[in-house]
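Asks: One predicted model, sequence on top.
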Amino acid sequence: MRAYRHNDKGNAEAMVDKFGGRVRFCPLSNKWLIWNGQFWDTSKGDGPVYGLVMQTIESRLAPLQGRDGEMDEKLARHLRNSENFHKLKATLSLASKMHSITRTCLEFDLDIDKMGILD
């Protein structure tokens, strides 16, 4: 398992590593796109992507349950604080800048036959 920093950037990297195949961000429209199994969907707004960040934080927190140690407690405290709305928003802001998930809206529209293809 990759080690991530104990900050918003670490959460963003973990989210992109975990869900990057299903998530894209279009900076021109400032919209998150989620692969729904058939097409890149924006109809539910930012709600689904906030859910993915929360799942990422929970998956990072789960292995720490019941463990002792200063570093584990420091990470657990960071992850619990990361569930705050402003921290979730900061994580998504950083994730939206990561090249692996950033696409121009035009990339989705260039070939109508590829609109429903997971890239």
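Replies: Here it is on my side, so go on.
Asks: going forward, measure contacts between C-alpha atoms and count neighbours the same way
Replies: OK.
Asks: Can you tell me what sits against stretch 75-87?
Replies: For stretch 75-87, contacts defined as CA atoms under 8 Å, 6 or more residues apart in numbering pick out His6, Asn7, Asp8, Met54, Ile57, Glu58, Arg60, Leu61, Leu64, Leu88.
Asks: Can you tell me the number of residues neighbouring the third one?
Replies: Asp8 sits with 22 neighbouring residues when counted by other CA atoms under 10 Å.
Asks: Distance of it relative to Cys26?
Replies: Computed as CA to CA, to the nearest Å, the Asp8 to Cys26 distance reads 20 Å.
Asks: Flag every buried residue along stretch 77-89.
Replies: The neighbour-count check on stretch 77-89 (16 or more other CA atoms under 10 Å) flags His78, Leu79, Ser82, Glu83, Lys87, Leu88, Lys89 as buried.
Asks: now that stretch: mean pLDDT?
Replies: Computed over stretch 77-89, the mean pLDDT rounds to 89.
Asks: May I ask which two of the contacts of stretch 75-87 are separated the most?
Replies: Leu64 and Leu88 (20.0 Å; CA to CA).
Asks: sec struct for the residue nearest the centre of the chain, please.
Replies: In the chain, the C-alpha nearest the mean C-alpha coordinate belongs to Met15, at 3.7 Å (CA atoms, centre = their mean). What DSSP: H, G, I helix; E, B strand; the rest coil gives for Met15 is helix.
Asks: Confirm for me that it is in contact with Thr56.
Replies: Yes: look at Met15 against Thr56 with CA atoms under 8 Å: they come within range, at 5.6 Å.
Asks: how about Ala14, what does it touch?
Replies: Contact partners of Ala14, counting by CA under 8 Å, 6+ apart, are Tyr4, Thr56.
Asks: Tell me the predicted confidence for it.
Replies: So Ala14 comes in at 95 (pLDDT).
Asks: ok, now the one 5 residues further on?
Replies: On the pLDDT scale, Phe19 is placed at 95.
Asks: show me where pLDDT drops low in this structure?
Replies: In the predicted model of the chain, residues 1, 67-71, 108-119 satisfy pLDDT under 70.
Asks: top helix in it by residue count?
Replies: helix 47-61 (DSSP state H).
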